[in-house]
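> Quick one: sequence plus predicted model below, questions after.
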Amino acid sequence: KPRFLWHRAKEWIKRVKSEGAVPLLEPDNCPNGWASPPGDIFMVRGPEYFSTRIKIPGGEYLLKPLGFDWIKGSVKILEILNNPKNYIRKALEDEFPTGDKPFVWAFNLQV
């Protein structure tokens, strides 16, 4: 038995990608947004790398991004998804109020 309904997850993912302060755009034209380029444009060490020293296209991602957001603050920001105002957390709670929820990993890069 699946932990949650995959068709609901796909709808939720589509909605989250279309929301937020920074829009999802096509990789070829995203000056004011974010994009997820195909994995094949990244060259990685393949299984024969140590003998051939030849890198191969990366292929499919293991984890795919849902969104990108700018958050400005004067202090270090921790535990982004624990903030009830976070739009990804709100969408997750709205779509899956009880029971199992899909795995979501927030990558927090601060400068």
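Yes, it's here. Quantities reported herein were computed from a predicted structural model and do not represent experimental measurements.
> In contact with Leu24, which residues?
17-18, 33-36, 67-68 (C-beta atoms under 8 Å, 6 or more residues apart in numbering). For the C-beta atoms, the positions are set from N, CA and C on the backbone; glycine is no exception.
> which of the residues you listed count as buried?
Of the members of the contacts of Leu24, the ones counted as buried by neighbours, 16 or more other C-beta atoms under 10 Å, are 17, 34, 36, 67-68.
> Can you tell me what sits against stretch 51-68?
Contact with stretch 51-68 is made by 13, 16-17, 19-20, 22, 24, 33-34, 36, 39-46, 48-49, 87-88, 104-105, as judged by C-beta under 8 Å, 6+ apart.
> Equivalent analysis for stretch 76-89, please.
Stretch 76-89 is touched from outside by 16, 19-20, 66-67, 69, 71, 90, 104, 106, 108, 110, with contacts defined as C-beta under 8 Å, 6+ apart.
> So which of the contacts of stretch 51-68 sit within helices?
Judged by DSSP state H, helices contain the following of the contacts of stretch 51-68: 13, 16-17, 49, 87-88.
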